[in-house]
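Chemist: Structure of the sequence below:
(chains A and B)
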There are 2 protein chains.
Amino acid sequence: VTLDRARSLDAADPLAFARDRFSLPDGLAYLDGNSLGALPRATPAHIADVVERQWGGDLITSWNQHSWIDWPQQVAAKLAPIVGADSSELLIADSTSVCLFKLLVAGLQAQTGRRVILTETGNFPTDNYVMQGIAGLLPGAELRIVARGDLIDAIDDDTAVVSLTHVDYRSGERLDMAAVDRAAHAAGALTVWDLSHSAGALSLDLHSDGCDLAVGCGYKYLNGGPGAPAWLYVAERLQARLTSPISGWMGHADPFAFAGDYRPADGIRKFLTGTPSILALAALDCGLDTFAGVDMAAAESKAKALTGFFVEVIENCCGIDLTSQHVRSRHGSQIVVPHSHGYAVMQALIARGVIGDFRAPDLMRFGFSPLYNRFEDAWSAAVILADLLETGSWDDPRFHARRAVT
Amino acid sequence: VTLDRARSLDAADPLAFARDRFSLPDGLAYLDGNSLGALPRATPAHIADVVERQWGGDLITSWNQHSWIDWPQQVAAKLAPIVGADSSELLIADSTSVCLFKLLVAGLQAQTGRRVILTETGNFPTDNYVMQGIAGLLPGAELRIVARGDLIDAIDDDTAVVSLTHVDYRSGERLDMAAVDRAAHAAGALTVWDLSHSAGALSLDLHSDGCDLAVGCGYKYLNGGPGAPAWLYVAERLQARLTSPISGWMGHADPFAFAGDYRPADGIRKFLTGTPSILALAALDCGLDTFAGVDMAAAESKAKALTGFFVEVIENCCGIDLTSQHVRSRHGSQIVVPHSHGYAVMQALIARGVIGDFRAPDLMRFGFSPLYNRFEDAWSAAVILADLLETGSWDDPRFHARRAVT
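Modeler: Residues are numbered from 1 along each chain as shown, chains lettered A, B, ... in the order given. Okay, here's the model as predicted:
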């Protein structure tokens, strides 16, 4: 495993063209696009235009003149080919947690007589926090959390909603969406998927997998910028049946009538609540544009090749056995390397220009964006990690000092 | 009433210095800062820095390096002197409607045995939509809507929460916050105020008025940009008692522990839910900076003088009687002029460089920001309106054509 081989893999990469769409600091192996996607080259000029010409110059008239009012749907339409859904099923709104709250409650309320939200212990923590909040809020609602392996068997006649994260934020394990959806539907339950660690890295087909409801984050593989708004998906066949619990004016059938009573809009728009941030939408728009002409099957292949190559170099250079991650055929676009001082080692890596992140208790996490990461990034990250582990230079007070955000 | 008088009032204005903090198109009388505040001069460079250097250059490390994680509280701290609250009681988060949902539900749940949310028919429609959603969601919860004049008498032992908009979005009428708070507290009810049309235009003192809970919008008088995030206020004395119904990781006591169970943060931070938009926060930060050194009592005095002067010129030039608005001593920073073809007349005004907006069924609305509006703006708006009404030139098909956003 040599740098030459990494470079020849990069030379043969059919998605190599996409890296030019990003502005990345020189000499950095940025392997944290699963936490915060890189800056698209087009974003600064677009944001400046929205701030200076649209807001500063055209002021309030921009809601019509620049169609700000339609952006939550127009921007969402660019997501449709990335996740395998129709644009009429997608919306940009709020944060992932708020979107999840809306769809979980909407699903639960539509399932008369069923009061259980079912999830698994390894689910993304904030999603479980949202579910705990709902269980505490709605009388009779019950949150049932089972081990991942017991999930399918736990779906029963009480199950209103099964809610899962598609790709495990730590291990990268990818759940079988189609199988869960089939089991849920057979028992009369709805599914709500969190696709934050999937959309933009894997090939998704929400229609053929039978997905009912989904949410996802805009700031990871979708490159929408820090804290980008989230997206939500409601299958066409369910839209008439579901109601948003947070009924605000942007989801009203006629928001500018300022009518006394709430009357939900037809279709997906009823899941909007308040006025969306136009600057945040503009940035997410540019993030989604980085996928223009990118075939998602090719993106998933590249993600698999990148993570596979990384595992190979790690095993070779660092002598760490990652076999279980390597052989897993369906896997998200990330690899975790366990180390008892993972926090400090990650800080030392960052100081050497390799950016990943750390997840408690002992996982160094490396995410690979199929759009801008190169095999050379995987190679240099592994080689620098090997050097740190061999020299022990990570064991330094400045690397042990904990910061607010890991 | 002459242009000379307008100019001499501008020359004597102690807040005239603040207009230089904004970038406003030449020759425009922008009287819609109650819908979308003008662009602060500092915003474009700050946003560019956040996008290019912080996001593009420092990437994920910015959460620590540039304290992104603290911005919801740091930015909110700048609001403290504007609304008369402590910084530990304020947070920037979500949209106004989502914040209202959180605080209404939190208040309702804390009021054991009481299930009524009380408001008035003239309340801001989206706020009533949110309340209708809550009443439909929580068994036993009841929304009671009474005429404004009957409100105080309608507060009783069933009232959990009284929720009102401080300044009427149409008439500009300002409710007596202290009186409502006193009546609510005497009956054991909590108050939730929507201060979207107050904060940044009027002198507020949430402490001395006894306000329990409040929300407000960032994109009107606070100049935070289109769809800026909202703010919320929870009085210190209530923070331990209240719980957010949308419990996401940003409100967790230790978000990066990724613990299995939700444990709310101490203090105001527990009302955060998902990851906030950093670009939107950056823009709101600049919006709040435009208030540096501005005494809010002086701002309210100027708002009163501007609206009073506008009424005077309108009555003089247009022969429209606005006495009831003129004499009202406590009033928001806006004036509405009724006209049966108000929509078309407003479009014609906009085409002549006077920007206000229209609210159904027949109100032309003119908002005055004490930071950047001049008496000369009020004068020219009134003179152009007089000309349009006299010539009838507003009665043109292009001005009658309805657009999505009014």
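Chemist: Check the stretch 301-406 of chain A for the residue nearest chain B and tell me.
Modeler: Distances between the stretch 301-406 of chain A and chain B by CB to the nearest CB are smallest at residue A:405, namely 3.9 Å. C-betas here are computed from N, CA, C, even on glycine.
Chemist: so the residue nearest to that residue when sequence neighbours are not counted is in which element?
Modeler: Spatial nearest neighbour of residue A:405, excluding adjacent residues (CB to CB, 6 or more residues apart in numbering or on different chains): residue B:63 at 3.9 Å. In this structure, residue B:63 is located in helix B:62-65 according to DSSP states H and E.
Chemist: Residues of the stretch 101-250 of chain A that sit close to chain B?
Modeler: Counting by CB under 8 Å from any CB of the partner chain, the stretch 101-250 of chain A comes close to chain B at A:101, A:105, A:109, A:121, A:125-126, A:128-130, A:132-133, A:136-139, A:169, A:217, A:219, A:225-230, A:243-250.
Chemist: Between the two ends of stretch A:228-247, what distance do you get?
Modeler: End-to-end distance of stretch A:228-247 (CA to CA, to the nearest Å): 22 Å.
Chemist: before we move on, what SS does the closest residue to residue A:217 other than its chain neighbours have?
Modeler: Using CB to CB, 6+ apart and skipping the chain neighbours, the partner closest in space to residue A:217 is residue A:196 (3.9 Å). Following DSSP: H, G, I helix; E, B strand; the rest coil, residue A:196 is assigned to coil.
Chemist: Residue A:196 against residue A:214, yeah?
Modeler: No. Judged on CB atoms under 8 Å, residue A:196 makes no contact with residue A:214 at a distance of 9.9 Å.
Chemist: what about the strands in the stretch 151-300 of chain A?
Modeler: For the stretch 151-300 of chain A, the strands defined by DSSP state E, counting those that start in this stretch cover A:159-165, A:190-194, A:213-216, A:230-234.
Chemist: which helix is the longest one in chain A?
Modeler: Longest helix in chain A, counting residues (DSSP state H): helix A:296-318.
Chemist: For that helix, name the packing helices and strands.
Modeler: Packing partners of helix A:296-318 (3 or more CB pairs under 8 Å, 6 or more residues apart in numbering or on different chains; DSSP states H and E): helix A:3-11, helix A:323-327, strand A:334-338, helix A:375-391.
Chemist: Where does the stretch 151-300 of chain A get nearest to chain B, residue-wise?
Modeler: For the stretch 151-300 of chain A, CB to the nearest CB, closest residue to chain B: residue A:274, 2.5 Å.
Chemist: So for residue A:196 and residue A:214, which sits in the more crowded spot?
Modeler: Using other CB atoms under 10 Å in any protein chain shown as the criterion, residue A:196 and residue A:214 rank with residue A:214 on top: 31 against 28.
Chemist: what's the pLDDT at that one?
Modeler: On pLDDT, residue A:214 comes in at 98.
Chemist: Can you give me the distance of it to residue A:29?
Modeler: From residue A:214 across to residue A:29, the span is 31 Å (CB to CB, to the nearest Å).
Chemist: next one: residue A:227
Modeler: Distance, residue A:227 to residue A:29, using CB to CB: 24 Å.
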